[in-house]
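Enquirer: here is my input; please provide its structure:
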Amino acid sequence: MKNVKVSVIIPVYDIPSEMLKDCAQSLLNQTLEDMEFIFINDNSPNTQNKSYLLALQKEDPRVVFIDLSQNKGVSNARNEGLQKASGQYVGFVDADDTVENNMYEQMYLRAESEKADFVICNTRCYINDKDDFIETSNSPLSLNICTENDLLYLFNNGGLGSWDKLFRTDLVRDIRFNVDISNYEDYLFNWQVFLLCKKVIFVGNVFYNARFRTNSTSRSSMSFQKCRGIFCALSHLSEISKSFYQDGFKKVGLLLYYKILFLGILNKNILVYIGENVSKDSSSFFFDYIEKSLLWGYSYLPCYIRFILKRHTMKCICGHPSMYYYILLRFCCLIELSFISDSKNSRMNSLIKVLKEKLH
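Expert: Numbering: from 1, shown residues only. From the prediction side, this is the model:
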């Protein structure tokens, strides 16, 4: 195809065929003309999906099908798609999700009219295909990245997934997903993009529908090896946050450090696994991760966060991960407030008081 406006990259592994069909149809029904849809079959054992995509390629010239001979993970599949993409802009979609019919037209028009490096939309998240959902709620905004505070806003509100964004292709042409980590690879990709961009558009529309399946490959079969892999990924990201701090982006470095720290400490799947499998190996590895691999900035954490972190960690290791959601919400409040207030803030003190009571 010539003069492609938007390329969409869709890695496909072992997902239900009906979900893949829903995803594909939501893309093929896009109102934007001159698009291409790059489906990468990551050596999936689901042969029905491969047959479906081959048939789709014959029916619709916008469909590009890449069939990989080895399963190397979502990062490698996305990189293969980036190599093939010919559009002015590029987006990523997970094969078990769907998008609104006008998503790419609206985001493309905004990117073009305002000469943006990328556009971010809001997302509707469903759990196990139920009717209940949670929506992200970024307000419409045109953000020019001129100061560290602008970059801080972007990191804090830009989302950590790649699916809710439309990137200018020449901006990400030389950026690749890290194939050595199997968790949080989106975060690292986005961070590299954020550093290069000059203008970002937030649109208030909910265009992306994410379906989180608790029995999916990425969310099932938690094991010690998977815990280790997640810890290693977070440790790698922690070093990136440290480099931000050392390069003069101190607020950004600490913000990312906070996010990474709580992603690891408050990962419910990990905490449940460790709580149910308290062994010498798992607990010692967890503590080693906390004390050595991640906490480069432990001394920079305000004392109240260090206190709560230590207490919460001990509670979870002792088999009480049920506080996860409550603690996560309160930690987010503390992180936000730590950037705009001091420890004498009355709201912050009231939160700390509640947390202390809950954790005793």
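Enquirer: what pLDDT does the closest residue in space to D60 that isn't next to it in sequence get?
Expert: Excluding the flanking residues, the one nearest D60 by C-beta to C-beta, 6 or more residues apart in numbering is L28, at 6.3 Å. Bear in mind the C-beta positions are built from the backbone N, C-alpha and C, glycine included. On pLDDT, L28 comes in at 97.
Enquirer: how near is L28 to V119?
Expert: Distance of L28 to V119, computed by C-beta to C-beta, to the nearest Å: 21 Å.
Enquirer: ok, the two, which is more surrounded?
Expert: For the pair L28 and V119, the greater number of neighbours falls to V119 (26 against 15), based on other C-beta atoms under 10 Å.
Enquirer: and the helix or strand in which the more buried one is found, what does it pack onto?
Expert: Under the criterion of DSSP states H and E, V119 resides in strand 118-127. Using 3 or more C-beta pairs under 8 Å, 6 or more residues apart in numbering; DSSP states H and E, the elements in contact with strand 118-127 are helix 103-114, strand 133-135, strand 165-168, strand 199-212.
Enquirer: quick check: which helices or strands does the following helix or strand past the shortest one pack against?
Expert: If you walk from strand 133-135 toward the C-terminus, the next helix or strand you reach (DSSP H and E) is strand 141-144. Applying 3+ C-beta pairs under 8 Å, 6+ apart, one finds that strand 141-144 makes contact with helix 148-157, strand 199-212.
Enquirer: if we look at the strand holding V119, which residues are touching it?
Expert: With contact meaning C-beta atoms under 8 Å, 6 or more residues apart in numbering, strand 118-127 is reached by 89, 103, 107, 110-111, 132-138, 158-159, 161, 163-168, 171, 193, 197, 200-212, 214.
Enquirer: may I see the ChimeraX selection of the buried members of the residues you listed?
Expert: In ChimeraX, a selection of the buried entries from the contacts of strand 118-127 looks like this (16 or more other C-beta atoms under 10 Å):
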select :89,103,107,110,111,136,138,158,159,161,163,164,165,166,167,168,171,193,197,200,201,202,203,206,207,208,209,210,211,212
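Enquirer: helix or strand: which one has the closest residue to F92 other than its chain neighbours?
Expert: Spatial nearest neighbour of F92, chain neighbours left out: S162 (4.4 Å); criterion: C-beta to C-beta, 6+ apart. Under the criterion DSSP H and E, no helix or strand holds S162.
Enquirer: for S162, what are its contacts?
Expert: Contact partners of S162, counting by C-beta under 8 Å, 6+ apart, are 78, 92, 186, 189-190.
Enquirer: distance to I240 and secondary structure added to those residues, as CSV?
Expert: Below are these laid out as CSV (distance: C-beta to C-beta, whole Å; DSSP: H, G, I helix; E, B strand; the rest coil):
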residue, distance to I240, secondary structure
R78, 19, helix
F92, 20, strand
D186, 13, helix
F189, 11, helix
N190, 11, helix
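Enquirer: what is the nearest of those to P16?
Expert: F92 (19.9 Å; C-beta to C-beta).
Enquirer: the closest one - how many residues pack around it?
Expert: Other residues near F92 come to 24 when the count uses other C-beta under 10 Å.
Enquirer: that one bridge partners, please.
Expert: I9 (DSSP bridges).
Enquirer: measure it to I38 for me?
Expert: Look at F92 and I38: by C-beta to C-beta, they are 10 Å apart.
Enquirer: overlap of the contact sets of the two?
Expert: 8-10, 81.
Enquirer: need the max-distance pair from these.
Expert: Once C-beta to C-beta is applied, those give V8 and G81 as the farthest pair, at 8.7 Å.
Enquirer: now G253. Nearest residue, chain neighbours left out?
Expert: Residue nearest to G253 in three dimensions, not counting chain neighbours: Y245, with 2.8 Å by C-beta to C-beta, 6+ apart.
Enquirer: my read: that neighbour touches Y257, true?
Expert: Yes: between Y245 and Y257 there is a contact under C-beta atoms under 8 Å: 7.3 Å.
Enquirer: of the two, which one has the most company?
Expert: Neighbours per residue, other C-beta under 10 Å: of Y245 and Y257, the larger number sits with Y257, 24 against 19.
Enquirer: how much space between the more buried one and E18?
Expert: From Y257 to E18 the distance is 41 Å (C-beta to C-beta).
Enquirer: for the strand holding V119, buried residues please.
Expert: By neighbour count on 16+ other C-beta under 10 Å, the buried set for strand 118-127 is 118-124, 126.
Enquirer: and these as a markdown table, adding distance to D34?
Expert: Shown next, in a markdown table, are the buried residues of strand 118-127 (distance: C-beta to C-beta, whole Å):
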| residue | distance to D34 |
| --- | --- |
| F118 | 19 |
| V119 | 17 |
| I120 | 22 |
| C121 | 20 |
| N122 | 25 |
| T123 | 25 |
| R124 | 27 |
| Y126 | 30 |
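Enquirer: tell me the one of these nearest V99?
Expert: Distances from V99 to the buried residues of strand 118-127, taken by C-beta to C-beta, are shortest for C121, at 9.1 Å.
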